[in-house]
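Q: A predicted structure for the sequence below; I have some questions about it.
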Amino acid sequence: MNDYVIAIDQGTTSTRAILFDHAGSIVSSGQLEHEQIFPQAGWVEHDPMEIWNNTREVIGQALSKANVTRHNVKAIGITNQRETAVVWNKNTGEPVYNAIVWQDTRTQKIVDRLADGDTDRYKKQVGLPLATYFSGTKIVWILENVEGAREAADAGDLIFGTTDSWVLWNLTGGVNGGVHATDVTNASRTMFMDLETTTWNDDILADFGVPKSMLPEIKSSSGEFGVAASESLLRETPITGILGDQQAATFGQAAFDKGEAKNTYGTGNFLIFNTGEEIVHSENGLLTTVGYKIGDEPVHYALEGSIAVTGSLIQWLRDNLGLIKDAPAVEELAKSVEDNGGAYFVPAFSGLFAPYWRPDARGALVGLTRYVNKGHIARAALEATAFQTAEVVDAVNADSGVDLTELKVDGGMIANDTLMQFQADILRVPVIRPVVAETTALGAAYAAGLAVGFWASLDELRQQWQEDQRWEPQMEQEARDRTYRNWKKAVQKTLDWVDDDVE
């Protein structure tokens, strides 16, 4: 019987468990979606208990489909939606509130209060601007708005984690000795971790009013975290890898070295550019973040362009407008027309993330005439993903001083050939899809497997990466420049929408 590594991918819309063999190929998987909870405009929540129950079930699905037991699984890796915040009682194991999701914008007033006119006041230490995106202000909101939370936190009863920590704590026993830890990549998305020391910053915690006792221990991305508890199907299996989802996808793409990059097309889009052991502070609206850390080796850093709404725009067309029956249908509808008909769709549903960082923006569909039909709207929605990515690539090129010559891609939307071709046209560089598209889970598996010797080295992992398909630019330069110019005009129409008296 062969040996395997299992990856738990706790994402924004679903939780998956994927079993990988030594070649990095998928052997089996289990997947369950969880409810998206929208209590009011701008609020996005998940039920942490539903996520944990789903995690246990998908592990069982993956093992049973492959007809293997824990004895064939050499390590567990975890990857996760990074900035989504869970606060729970360590004595009861009960969350004090739903998980507040990375897309949630309810903390804008807390952001404004902490910024006091300067959203970059902590950027040198943590690499991030003050924004609703990151988990730090979500903890503050829970402490200030959930009855009894502040008192329980001050008494040392409450602990916080992004969803990797929540899964890890439960998987290792929960109230019976659960491990409260995270890795450097997830810690770097809280607003609280000093990039140089990779430790919690006491001064920033004091400014936020968050007790340090709530925070998990920061560990390397690849190394010993704990073992699965006795009640788990994976009992006694070591948990040896944790990476935030975008860093995991970068790891799964074997983009280990300075100058390498990938772009993930998921609920949102996330481009990560490896800067090696150097911390590069962006002058063009990108985030400075941690790429990965293996054992006792030096930290690798990265620049990141985070785009809030890409795949979720296609979900919106399906769920809110009923324009399509399922996500793949958007390509067929978009191909029913030759171009966007002059329509541009800027999906600033949660404001604009990189490179603008404008919480006051809201979504806009512009350039409409009587000529525009639902095919044009579907095409404009797809093109929005490519345009937003192009703006982030422009920022990466400006910050790094070296133009990207190709773009490795992954995530659910890369199955859309029309989008990938348009992306290559707008970027004017080749777009490359790997054989194993599930690079997020693969990256978590790689990190876990390296720690137990399942894979020997990064060189071995580099050799496993294989190209599946490549899209070369085809659009004429003049047409490309014109449509990109119109996109930038459309973006300007979304700004300054939210007034001070709007919650």
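A: Nice, I can see it.
Q: The stretch 301-450 of the chain: strands as residue ranges?
A: 344-346, 364-366, 407-410, 431-434 (DSSP state E, counting those that start in this stretch).
Q: closest one to residue 79 among these?
A: Minimum separation from residue 79 across the strands of the stretch 301-450 of the chain (Cβ to Cβ) falls at strand 407-410, 12.4 Å. (Each C-beta comes from the backbone N, C-alpha and C, glycine too.)
Q: Could you give the average pLDDT over the closest one?
A: The pLDDT scores in strand 407-410 average 92.
Q: Distance from that strand to the middle of the chain?
A: Taking the mean of its C-alpha atoms, strand 407-410 sits 15 Å from the chain's own mean (Cα atoms, centre = their mean, to the nearest Å).
Q: Kindly report the same for stretch 193-201.
A: Centre to centre, stretch against its chain (Cα atoms, centre = their mean), the figure for stretch 193-201 is 21 Å.
Q: Put the alpha carbons of that stretch into CSV.
A: Output in CSV follows, covering the C-alpha atoms of stretch 193-201 (Å, rounded to 0.1, in the frame of the first residue of the first chain):
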residue,chain,number,x,y,z
MET,A,193,3.1,40.5,13.6
ASP,A,194,6.4,42.3,13.2
LEU,A,195,7.8,41.3,9.8
GLU,A,196,11.4,41.3,10.8
THR,A,197,11.1,39.4,14.1
THR,A,198,8.0,37.3,13.2
THR,A,199,6.8,37.9,16.7
TRP,A,200,3.6,39.7,18.0
ASN,A,201,4.1,43.5,18.4
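Q: for the top helix by length along the chain, packing partners?
A: Scanning the chain for the helix with the most residues, using DSSP state H, yields helix 374-400. Judged by 3 or more Cβ pairs under 8 Å, 6 or more residues apart in numbering; DSSP states H and E, helix 374-400 is in contact with strand 261-265, strand 269-276, strand 300-307, helix 311-319, helix 329-334, strand 344-346, helix 417-427, helix 477-492.
Q: Compare the strands of the stretch 301-450 of the chain and give me the one nearest residue 87.
A: strand 407-410 (31.1 Å).
Q: strands paired with the closest one, and their directions?
A: Looking at strand 407-410 with DSSP bridges, its partner strands are strand 261-265 (parallel), strand 431-434 (parallel).
Q: quick one on the thing from earlier: for residue 304, which of the strands of the stretch 301-450 of the chain is the nearest?
A: Among the strands of the stretch 301-450 of the chain, the nearest to residue 304 by Cβ to Cβ is strand 407-410 (14.4 Å).
Q: Would you mark the buried spots in that closest one?
A: Using 16 or more other Cβ atoms under 10 Å as the test for burial, strand 407-410 gives 407-410.
Q: next one: stretch 263-281
A: 263-276, 279-280.
Q: before we move on, what about stretch 416-431?
A: In stretch 416-431, counting by 16+ other Cβ under 10 Å, buried: 416, 418-427, 429, 431.
Q: what's the neighbour count on residue 462?
A: Residues within reach of residue 462, counting by other Cβ atoms under 10 Å, total 12.
Q: can you check residue 356 too?
A: Residue 356 has 16 neighbours, counted by other Cβ under 10 Å.
Q: so what's it closest to, chain neighbours aside?
A: Distance criterion Cβ to Cβ, 6 or more residues apart in numbering; nearest residue to residue 356, sequence neighbours excluded, is residue 285 at 6.4 Å.
Q: swap in residue 170?
A: Closest to residue 170 by Cβ to Cβ, 6+ apart is residue 52, at 5.0 Å.
Q: Show residues contacting stretch 398-412.
A: With Cβ atoms under 8 Å, 6 or more residues apart in numbering as the test, stretch 398-412 has contacts from 249, 252-253, 255, 259-266, 269, 273, 275, 280, 282-284, 286, 303, 311, 327, 393, 396-397, 420, 423, 427, 429-434, 437-440.
Q: make it 6 Å
A: For stretch 398-412, contacts defined as Cβ atoms under 6 Å, 6 or more residues apart in numbering pick out 249, 253, 262-266, 282, 284, 286, 303, 393, 397, 429-433, 437, 439.
Q: tell me which residues of stretch 9-28 are tucked away?
A: By 16+ other Cβ under 10 Å, the buried positions in stretch 9-28 come out as 9-13, 15-20, 24, 26-28.
Q: Nearest to residue 68 among these?
A: residue 19 (7.2 Å).
Q: So for residue 65, what's the nearest residue that isn't a sequence neighbour?
A: Residue 65's closest residue in space is residue 28 (Cβ to Cβ, 6+ apart), at 3.9 Å.
Q: Who are the packing partners of whichever strand or helix holds that neighbour?
A: For residue 28, the host element (DSSP states H and E) is strand 26-33. Counting contacts by 3 or more Cβ pairs under 6 Å, 6 or more residues apart in numbering; DSSP states H and E, strand 26-33 is packed against strand 14-20, helix 48-66.
Q: Tabulate these (a markdown table), appending distance to residue 451.
A: Output for the helices and strands packed on strand 26-33, formatted as a markdown table (distance: least, Cβ to Cβ, whole Å):
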| stretch | distance to residue 451 |
| --- | --- |
| strand 14-20 | 14 |
| helix 48-66 | 19 |
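Q: what's the most buried one of these?
A: strand 14-20 (a mean of 24; mean count of other Cβ atoms under 10 Å).
Q: returning to that earlier point: if I look at the residue nearest to residue 170, how far off is residue 72?
A: Going from residue 52 to residue 72 by Cβ to Cβ, to the nearest Å gives 24 Å.
Q: Would you format the strands paired with strand 407-410 as a markdown table with mean pLDDT included?
A: Below are the strands paired with strand 407-410 laid out as a markdown table (pLDDT from 0 to 100):
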| stretch | mean pLDDT |
| --- | --- |
| strand 261-265 | 91 |
| strand 431-434 | 94 |
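Q: Reformat these as a markdown table; add distance to residue 134.
A: Formatted as a markdown table, the strands paired with strand 407-410 follow (distance: least, Cβ to Cβ, whole Å):
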| stretch | distance to residue 134 |
| --- | --- |
| strand 261-265 | 18 |
| strand 431-434 | 29 |
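Q: and of the buried residues of strand 407-410, the nearest to residue 90?
A: Minimum distance to residue 90 across these is 35.5 Å, recorded for residue 410 (Cβ to Cβ).
Q: related to what we said a few turns ago, let me see the mean pLDDT of the longest helix of the chain.
A: On average, helix 374-400 scores 94.
Q: returning to that earlier point: pull the number of nearby residues for the residue nearest to residue 356.
A: There are 21 residues near residue 285, going by other Cβ under 10 Å.
Q: For it, which residues are in contact?
A: By Cβ under 6 Å, 6+ apart, residue 285 lies in contact with 354-355, 395.
Q: May I see the strands of the stretch 301-450 of the chain organised as a markdown table, with distance to residue 202 added?
A: As requested, the strands of the stretch 301-450 of the chain are exported to a markdown table (distance: least, Cβ to Cβ, whole Å):
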| stretch | distance to residue 202 |
| --- | --- |
| strand 344-346 | 40 |
| strand 364-366 | 42 |
| strand 407-410 | 37 |
| strand 431-434 | 42 |
